[in-house]
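Q: Attaching a predicted model along with its sequence, questions to come.
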Amino acid sequence: MTLSKALVPSQSLLTRAVMVLGGSLFIALAAQVSVGFPVPMSLQTLAILIVGLGFGARMGALTLVAYLAEGAMGLPVFAGGASAPALMGPTAGFLYGFVLMAWIAGFATDRGARGFLPMALAALVASALLYIPGLAWPALVMGKTVPELLSGWMLPFLAGDAVKAVMAALVVAGGWAALKSRKA
């Protein structure tokens, strides 16, 4: 059982649609928040991990498909207010990889991960695997070399990604703890 199902037992089509739209809005808002120095990064992946861990694999992935569709329709949902052109731009591999990221995080909760450590591990794995499509796209489409990809596209973001993975696990594990204490 996922946190979303524990909080909202009714899983009607309308309920699921509202959850998907709400999750995609949450991700879109987080994508507009930029933090960190010297390389700024958005809170987009933090929101994606929270959605995946909270919604489960299928609903998490569906939420990301909706998010990409919103961007494809021209809505400014991606980082920096970007929309459809970003789906073919240099970071498109990361955008498409977000679906897999949410699915991987959600898969762990579908399989019973409730505590902080299992969710943090799942979020770290999902964050690491995001680099596969994220780096493959600029390598194949833009001809970026491995040193360029490592120095400009990966290494500056690793620490932030680890922190966001831990934060997402804290948020969702905290949700489970609050729900458990409310029922007690």
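A: Alright, I've got the coordinates.
Q: Grab the longest helix from the protein for me.
A: In the chain, with assignment by DSSP state H, the single longest helix is helix 155-183.
Q: Next up, the contacts around the spatially most central residue of the chain.
A: Per C-alpha atoms, centre = their mean, the C-alpha nearest to the average position across the chain is that of residue 48, at 2.0 Å. Going by C-beta atoms under 8 Å, 6 or more residues apart in numbering, residue 48 touches 27, 60, 64, 98, 101, 102, 105. Quick note: C-beta positions are derived from backbone N, CA and C, even for glycine.
Q: 7 Å - rerun?
A: Contact analysis of residue 48 by C-beta atoms under 7 Å, 6 or more residues apart in numbering lists 27, 64, 98, 101, 102.
Q: what secondary structure does it sit in?
A: Using DSSP: H, G, I helix; E, B strand; the rest coil, the structure places residue 48 in helix.
Q: Can you give me the pLDDT of it?
A: pLDDT for residue 48: 98.
Q: next SSE after the helix or strand of the chain with the lowest mean pLDDT?
A: Counting by mean pLDDT, DSSP states H and E, the chain has its least confident helix or strand at strand 34-35, which shows a mean of 87. Past strand 34-35, further along toward the C-terminus, the next helix or strand under DSSP states H and E is strand 41-42.
Q: just to revisit the earlier point, now the residue nearest to the centre of the chain: how far from residue 9?
A: The spacing between residue 48 and residue 9, counted by C-beta to C-beta, to the nearest Å, is 25 Å.
Q: List the residues that contact residue 165.
A: Counting by C-beta under 7 Å, 6+ apart, residue 165 makes contact with 49, 120, 123, 124, 127.
Q: are any of the contacts of residue 48 buried, and which?
A: Among those, the ones that count as buried by 16 or more other C-beta atoms under 10 Å are 27, 64, 98, 101, 102.
Q: Same list (those residues) but as JSON lines, adding distance to residue 18, secondary structure and pLDDT.
A: Output for these, formatted as JSON lines (distance: C-beta to C-beta, whole Å; DSSP: H, G, I helix; E, B strand; the rest coil; pLDDT from 0 to 100):
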{"residue": "27", "distance to residue 18": "15", "secondary structure": "helix", "pLDDT": "98"}
{"residue": "64", "distance to residue 18": "16", "secondary structure": "helix", "pLDDT": "98"}
{"residue": "98", "distance to residue 18": "21", "secondary structure": "helix", "pLDDT": "98"}
{"residue": "101", "distance to residue 18": "22", "secondary structure": "helix", "pLDDT": "98"}
{"residue": "102", "distance to residue 18": "17", "secondary structure": "helix", "pLDDT": "98"}
